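[1] sharing a model that was predicted from the sequence below.
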Amino acid sequence: MKIFAVLILTVTAWAQVADNANKSYKTKEGRDKIAATLDDPHRDGKQKPAELVAAMQIKPGMTVADIGTGTGYMLPFLSEAVGPSGRVFGEDIQTDFLDRAKTKHIPNVTLILGTETDPKLPQNSVDIALALDVYHHFDYPDKMLAAIRDALKPGAHLVVVDFYKSASPTPGHIRAERDEVASEIERNGFHLLSKRDHTPKSQYILTFEKTKQ
């Protein structure tokens, strides 16, 4: 019985915790539909990119990573914020999304193909990492957070913008509420600096600092 229990725990630990949220991403047809919503010209009104960039406190010359960049919606805003002396990494695990992002032709943006467990960002290179509407898609959050942490410079920030669980129209799509997300991230080498609404009753912003080892 003990061996059986250990096996159950092992399987649970390796489970894809965001499998429900990622169902639509598993087919080209599903990703095309998602891409259309990511490129929606009316998205600014809901996403408030200018306010998000201001909340991130980006300074010229910084290196910023957009984790799960999708079709590159945030890349122009982040590029402008860091200026010509700064750098932006746009990371995603879907090549067709990155192909769409590539068409934006932003000089100081480097696109990176990551994996479900590692965004493949250069180590100790990033001042601010942004996970916009993407944390709930992490299948292996502990592994992703460890890899993100390795990419951050000492004292660098991780900014997570995501949906309140109660705001999701699809049951089970958002697996954890805001404070559960904050606790999970803090257990993986980060210290919560602030939490606030981004879109009231819909989205929140959590800002973390990379802790010292």
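    Looks like it came in fine.

[2] okay, helices next: where are they in the protein?
    2-13, 28-38, 43-47, 49-56, 75-82, 95-102, 141-151, 178-186 (DSSP state H).

[3] mind checking which of those is nearest Thr199?
    helix 43-47 (6.6 Å; Cβ to Cβ). Every C-beta, even on glycine, is put in place using the N, C-alpha and C of the backbone.

[4] okay, now Thr27: neighbour count?
    Close neighbours of Thr27, defined as other Cβ atoms under 10 Å, add up to 10.

[5] who are the contact partners of it?
    The contact partners of Thr27, taken as Cβ atoms under 8 Å, 6 or more residues apart in numbering, number zero.

[6] I'd like the distance between the residue positioned nearest the centre of the chain and Ile34.
    By Cα atoms, centre = their mean, the chain has its centre lying nearest to Ala131, at 2.2 Å. Plainly put, Ala131 is 17 Å away from Ile34 if you go by Cβ to Cβ, to the nearest Å.

[7] now Asp44
    18 Å.

[8] looking at those two, which is more packed in?
    Using other Cβ under 10 Å, the more surrounded residue of Asp44 and Ile34 is Ile34, with 16 against 12.

[9] residue ranges in this protein under the pLDDT threshold?
    Filtered on pLDDT under 70, the chain yields the residue ranges 1-15, 18, 22, 169, 213.

[10] report the longest strand in it, please.
    For the chain, the strand that runs over the most residues, judged by DSSP state E, is strand 152-163.

[11] contacts for it?
    52, 55-56, 124-136, 148-149, 174, 178, 181, 185, 190, 193, 198, 202-210, 212.

[12] any of those residues buried? List them.
    52, 55-56, 126-136, 148-149, 174, 178, 181, 185, 190, 198, 203-210 (16 or more other Cβ atoms under 10 Å).

[13] what sits against Ser183?
    No contacts exist for Ser183 under Cβ under 8 Å, 6+ apart.

[14] against His191, how distant is it?
    Counting by Cβ to Cβ, the gap from Ser183 to His191 is 12 Å.

[15] which neighbours do the two have in common?
    Common neighbours of Ser183 and His191 (Cβ under 8 Å, 6+ apart) do not exist.

[16] surely Leu52 and Thr207 touch.
    No - when contacts are counted by Cβ atoms under 8 Å, Leu52 is not listed as touching Thr207 (11.3 Å).

[17] still on that earlier bit, which one of the helices of the chain lies closest to Thr170?
    helix 28-38 (13.3 Å).

[18] was I right about Ile205 contacting His198?
    Yes - Ile205 is within contact range of His198, at 4.7 Å (criterion: Cβ under 8 Å).

[19] quick check: neighbours shared by those two?
    Leu52, Ala55, Val161.
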